[in-house]
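Participant: show me how the following folds:
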Amino acid sequence: MFSCGNPDPNLDKTGKDELKTFEIDRKIKKSDKSFQDVIYVPVYSDIYVDEQNHKTLLSATLSIRNTSYTDSIFISKIDYFNTQGTLVRNYLEKNISIPPMATINYVIEKDDDTGGSGANFIVELSSKNDKVKPLIQAVMIGQNGNKAFSFTTNGHSVINKKTLQ
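Facilitator: Next up, the predicted model:
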């Protein structure tokens, strides 16, 4: 059977949610938490594009990149908040592990305007190595008439600590 709708961009080739492919069935050990961080990632699900204040809806991709050659990073929370600061949705049921040099992406569809112009993600992560420097960004893509555009925002650490062992 074929569907006229667009396929879910968050499903891998086997039809499984991309975040679920990285799930781990254990708690994150204290020894895996030499480094912990909470990252705030601004996201725009719409922007104003002209003098009449017409909104243009955007699709947004949250990208979490492990830049380490040797160490996994562990993600314990990915939460999506709207402009008013209200939690819209939690994305994780279980912790996930991102292997060295791997990336996960998660798409907020263009038609999902629950976040608004001031939406954001909170990502909680940890690693065995306190030198790990993941790259967390949001990529927004939109179209207004015959013009398309895209831009990125970078995640910012709001709580960063080394855990004493």
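Participant: where's the most centrally placed residue in the chain, which helix or strand?
Facilitator: Of all residues in the chain, the one closest to the mean position by C-alpha atoms, centre = their mean is Leu62, 3.2 Å from it. Element membership of Leu62, judged by DSSP states H and E, is strand 55-65.
Participant: determine how far that strand lies from the middle of the whole chain.
Facilitator: For strand 55-65, the separation from the chain centroid amounts to 9 Å (computed by C-alpha atoms, centre = their mean, to the nearest Å).
Participant: mind listing what's buried in the helix or strand just after it?
Facilitator: The C-terminal neighbour of strand 55-65 among helices and strands, as given by DSSP H and E, is strand 73-81. Judged by neighbour count (16 or more other C-beta atoms under 10 Å), strand 73-81 contains these buried residues: Ile73, Phe74, Ile75, Ser76, Ile78, Tyr80, Phe81. To be clear about C-beta, it is placed using only N, CA and C from the backbone, and glycine gets the same treatment.
Participant: hang on, the second one packs against Val123?
Facilitator: Going back to what we said before, that points to Phe74. No - Phe74 lies out of contact with Val123 (C-beta atoms under 8 Å); the separation is 11.2 Å.
Participant: if we can go back for a sec, what mean pLDDT does the strand holding Leu62 have?
Facilitator: Mean pLDDT, computed over strand 55-65, is 91.
Participant: please apply the same query to stretch 26-38.
Facilitator: Stretch 26-38 comes out with an average pLDDT of 77.
Participant: that one: end-to-end distance?
Facilitator: End-to-end distance of stretch 26-38: 20 Å, with C-alpha to C-alpha, to the nearest Å as the criterion.
Participant: cheers, nothing more for now.
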